[in-house]
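**Student:** Structure of the sequence below:
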Amino acid sequence: MWRTAGPSEYLAITGSGIKDIKIVKKAFVWPLQRSILFNVSPVNYDFKVQAMSAEKLPFVLPAVFTIGPKVEEYDSLLLYARLLSSLEKTSNHVVELVKGVIEGETRVLAASMTMEEIFKGTKDFKEEVFQKVQIELNQFGLLIYNANVKQLVDVPGHEYFSYLGQKTQMEAANQAKIDVSEARMKGAIGEKLRQGQTVQNAAKIDAETKIIATQRQGEGTKEEIKVKTNVKIFENQKEADVAEANAELAMKKARWAQAAQLAEVEASKAVALREAQLQTEVEKKNALTQTEKLKADKLSKATVEYEIKVQEANWGLYKKKMEIDAQLYQEQKSAEAKKAMSDALSYAAKQSTDAQLYAKKGEAEAVKLLAEAQGHYVKTLLGALDGKYELLRDYMMIDKNVFQEMAKINAGAINGLQPKISIWTGANDGNNNANGTGGNGMMKDIAGVYGMLPPLLNTVHEQTGMLPPAWLGTLGHPNASLER
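**Tutor:** Numbers count the residues shown, from 1 in each chain. Sure, this is the predicted structure:
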């Protein structure tokens, strides 16, 4: 039998060939199969839920819920068809089911909130109720399409909301009375304030008028004085301009005379300077010529010595090569006679060579790691010192005890020296004064200089081996012993 569901209906088929329930809009119902039509249009449910807050205050929550099956989800239609499709949606069974879910969730939520929280957060309270009710209705395949919760209502005998409304009304009335009183007070104060400001402004205008008249009179006097002052200043300025022109002329004459004298001096000095420069160039050319000559001599000698050394080295190398070839030939002949022993020795030598190569590789890797570590160390120090090479150099010299070594070397360089220190004074000054020959200060100074020469020349000779000129050898001094 062919069956078709209406626009807001679905067809539920069970029986032969169907594992559980088949939900379709139209189908052929075979024998041994059973089918029913169920309506999926939403239905309005009107409830007055009684609940109690955390303070044990009862209240009524009037609400209208629009509930129906979830037509977009196949699983929800199966749940609805399995549990509720055989019942009328307006029957007491369905109404009691939905009412029980709503009342249960509302009471649980209200019991955890105070009446003040419920009243002030009515919107959040309603949304929380809708969410919890929807979770419970999901097991029946139902969906809350719309929910309208009306204003909370008092339970008879408990007039919390009415008293709260009266309180709000009284507060509004009292606030209105206060506002009226404040408005009257502001009006009285404003009236007095305007009267006082009128008197003050009138007095202020009179005072400003007198001040302005006095200012105008004073400005006239000031302008007259100003004109006279400007005339006097102009006269003084002209006299100053004349004096300045005379002074400027005198300064220009002096500068011209000075420039002429400087030109003459510069010309004479320029000639002398050019002569000195040319002489310097000549000396440099002579020194350069001598240097090139000495360099050529030294280079030729060094080249000849180098060739000799190369020939000697080549001969020594050839001689060693011949000796090695002879020794190698002898060893090859000996190896042919003792092949088995040679193989063993060759294997041993190979193992030894491999060991040495491995050791060399280890040493090379160690050197490489050491170099990398030192490079990283230097890079880290340079980064810590903000890239300043001078600070890094000083730190490395201090760390490596370079300064201590330099001090030891310098100390060893001067170790064993026996410097001679000579001290002499003008011993003849007192005799001259006693004999009356040191009459004036200039002659005393000259006599002192001549008195110092013999011991000075003697000291130079002792320390350097240099003899004074022949014409100084005839000067006698008690403390000087000059060798010729």
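**Student:** I'd like to know how far the most centrally placed residue in the chain sits from V29.
**Tutor:** Residue closest to the average C-alpha location in the chain (Cα atoms, centre = their mean): D386, at 15.3 Å. Here D386 is placed at a distance of 93 Å from V29 (Cβ to Cβ, to the nearest Å). Just so you know, the C-beta spots here come from the backbone N, C-alpha and C atoms, and that holds for glycine as well.
**Student:** ditto for K285
**Tutor:** In terms of Cβ to Cβ, K285 sits 131 Å off from V29.
**Student:** got it, and L143?
**Tutor:** To V29, L143 is 28 Å away according to Cβ to Cβ.
**Student:** Looking at the two, which is more packed in?
**Tutor:** A direct count of neighbours by other Cβ atoms under 10 Å for L143 and V29 places L143 higher, at 19 against 14.
**Student:** Quick one: residues contacting the more buried one.
**Tutor:** The contact partners of L143, by Cβ atoms under 8 Å, 6 or more residues apart in numbering, come to I67, G68, P69, K70, S76, Q134, L137.
**Student:** Now the last one: which helix or strand?
**Tutor:** Yep, that's L137 we're talking about. In this structure, L137 is located in helix 122-137 according to DSSP states H and E.
**Student:** partners of the next helix or strand after that helix in the sheet?
**Tutor:** Where DSSP H and E defines the elements, the next helix or strand beyond helix 122-137 is strand 142-149. Sheet partners assigned to strand 142-149 using DSSP bridges are listed as strand 58-69 (antiparallel).
**Student:** Hey, what's the angle from the partner strand to helix 122-137? Just curious.
**Tutor:** 50 degrees (axes from the mean of the first three to the mean of the last three Cα atoms, to 10 degrees).
**Student:** Just name the shakiest helix or strand of the protein by mean pLDDT.
**Tutor:** Lowest on mean pLDDT, DSSP states H and E among the helices and strands of the chain sits helix 428-435, with a mean of 48.
**Student:** Rebuild the contacts of L143 as TSV, extending it with pLDDT, distance to P455 and neighbour count.
**Tutor:** Converted to TSV, these look like this (pLDDT from 0 to 100; distance: Cβ to Cβ, whole Å; neighbours: other Cβ atoms under 10 Å):
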residue	pLDDT	distance to P455	neighbour count
I67	85	135	23
G68	85	136	19
P69	86	136	24
K70	85	131	19
S76	83	131	20
Q134	85	126	16
L137	84	131	20
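**Student:** for those, which one is nearest L369?
**Tutor:** Proximity of the contacts of L143 to L369, judged by Cβ to Cβ, is greatest for Q134, which lies at 71.0 Å.
**Student:** Could I get the contacting residues of the closest one?
**Tutor:** L143, I144.
**Student:** which stretches of the protein form strands?
**Tutor:** 2-4, 9-15, 22-24, 26-28, 33-39, 43-52, 58-69, 142-149, 153-154 (DSSP state E).
**Student:** Which elements pack onto the third one?
**Tutor:** When you say that, I think you mean strand 22-24. strand 9-15, helix 74-83 (3 or more Cβ pairs under 8 Å, 6 or more residues apart in numbering; DSSP states H and E).
**Student:** same deal with the first one?
**Tutor:** For strand 2-4, the contact count by 3+ Cβ pairs under 8 Å, 6+ apart identifies strand 26-28 as packing neighbours.
**Student:** Looking only at the strand it packs on, what residues are buried by neighbour count?
**Tutor:** Across strand 26-28, burial judged by 16 or more other Cβ atoms under 10 Å covers A27.
**Student:** Quick one: mean pLDDT for that strand?
**Tutor:** Averaging pLDDT along strand 26-28 yields 86.
**Student:** May I have the strands that pair with it, each with its orientation?
**Tutor:** strand 2-4 (antiparallel).
**Student:** Check the average confidence over the partner strand, would you?
**Tutor:** Computed over strand 2-4, the average pLDDT equals 86.
**Student:** How about stretch 173-188?
**Tutor:** Stretch 173-188 comes out at a mean pLDDT of 80.
**Student:** Stretch 194-209 now?
**Tutor:** For stretch 194-209, mean pLDDT rounds to 85.
**Student:** Dump it to PDB, keeping only the CA atoms.
**Tutor:** C-alpha atoms of stretch 194-209 as PDB (Å, rounded to 0.1, in the frame of the first residue of the first chain):
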ATOM      1  CA  ARG A 194      22.000  87.500  39.300                       C
ATOM      2  CA  GLN A 195      21.100  90.500  41.300                       C
ATOM      3  CA  GLY A 196      24.600  90.600  42.900                       C
ATOM      4  CA  GLN A 197      26.300  90.100  39.500                       C
ATOM      5  CA  THR A 198      24.300  93.000  38.100                       C
ATOM      6  CA  VAL A 199      25.500  95.400  40.900                       C
ATOM      7  CA  GLN A 200      29.100  94.100  40.500                       C
ATOM      8  CA  ASN A 201      29.100  94.500  36.800                       C
ATOM      9  CA  ALA A 202      27.800  98.000  37.000                       C
ATOM     10  CA  ALA A 203      30.600  99.000  39.500                       C
ATOM     11  CA  LYS A 204      33.100  97.200  37.400                       C
ATOM     12  CA  ILE A 205      32.100  99.100  34.200                       C
ATOM     13  CA  ASP A 206      32.300 102.500  36.100                       C
ATOM     14  CA  ALA A 207      35.800 101.600  37.400                       C
ATOM     15  CA  GLU A 208      37.000 100.500  34.000                       C
ATOM     16  CA  THR A 209      35.700 103.700  32.400                       C
END
